[in-house]
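**Q** got a sequence here, can you model it:
(chains A and B)
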Amino acid sequence: EDQVTQSPEALRLQEGESSSLNCSYTVSGLRGLFWYRQDPGKGPEFLFTLYSAGEEKEKERLKATLTKKESFLHITAPKPEDSATYLCAVRKGATGRRALTFGSGTRLQVQP
Amino acid sequence: DTEVTQTPKHLVMGMTNKKSLKCEQHMGHRAMYWYKQKAKKPPELMFVYSYEKLSINESVPSRFSPECPNSSLLNLHLHALQPEDSALYLCASSDVLGNTGELFFGEGSRLTVL
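**A** Residues are numbered from 1 along each chain as shown, chains lettered A, B, ... in the order given. Sure, this is the predicted structure:
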């Protein structure tokens, strides 16, 4: 059975304290791994797409990496405005099926 | 600002009411989605429309009825809901062709069933 598991469930950091979030997956026919950020009561906001092992993407203080079994979202010197829930999602299957399956998320809190 | 617009932002309804959630996008996307999200849980896929045709129904109860009148609009008709249906309902769209896979989400409609 396909699974997407995120850890930790919650993470509290001090401002400037770098850390990593993990997303492990067992999916047959992976067609992309996605990272989203979600603020309370809002829709998910797209961050990155990774397609193949070894791929890396960066955006400001965030860097996403992908291996054959997991993805990491590295947060360097986080700021309070980085506080949010970070969701990992996978897409699989034939052309035309573009739905995503989400992991349970990591709730990040960055304290000043 | 999100390019996927959902209305209403908040909806309270009784179990005997009939209401609708609406979603609109003007990005030329040909795939549109409904997701349901309970508190502190990830979004769960409900329906997928591709080229205005229903392509995926994730075994959603018939009290939820989707409709895609045209390529820019997606509705979710609600009837005889249960209190456990209270959740944030998210609409999303994506480009069917190509390979980006990115889904653009709206802000969601917060539904409370009394």
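
**Q** tell me the bridge partners for the closest residue to B:Pro42 other than its chain neighbours.
**A** Using CB to CB, 6 or more residues apart in numbering or on different chains and skipping residues adjacent in sequence, the residue nearest B:Pro42 is A:Phe102, 3.7 Å away. C-betas here are computed from N, CA, C, even on glycine. Assessed by DSSP bridges, A:Phe102 has beta-bridge partners A:Ala89.

**Q** and for A:Ala10?
**A** With DSSP bridges as the rule, A:Ala10 is bridged to A:Arg107.

**Q** low-confidence ranges in chain B?
**A** For chain B, applying pLDDT under 70 flags the ranges B:1-2, B:97-101.

**Q** quick one, strands of it?
**A** B:4-7, B:10-13, B:18-25, B:31-37, B:44-50, B:53-57, B:64-70, B:73-79, B:87-94, B:104-105, B:109-113 (DSSP state E).

**Q** just send those strands back as JSON lines, with distance to chain A too.
**A** What follows is those, written out as JSON lines (distance: least, CB to the nearest CB, whole Å):
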{"stretch": "strand B:4-7", "distance to chain A": "8"}
{"stretch": "strand B:10-13", "distance to chain A": "10"}
{"stretch": "strand B:18-25", "distance to chain A": "11"}
{"stretch": "strand B:31-37", "distance to chain A": "5"}
{"stretch": "strand B:44-50", "distance to chain A": "5"}
{"stretch": "strand B:53-57", "distance to chain A": "6"}
{"stretch": "strand B:64-70", "distance to chain A": "14"}
{"stretch": "strand B:73-79", "distance to chain A": "14"}
{"stretch": "strand B:87-94", "distance to chain A": "5"}
{"stretch": "strand B:104-105", "distance to chain A": "3"}
{"stretch": "strand B:109-113", "distance to chain A": "7"}
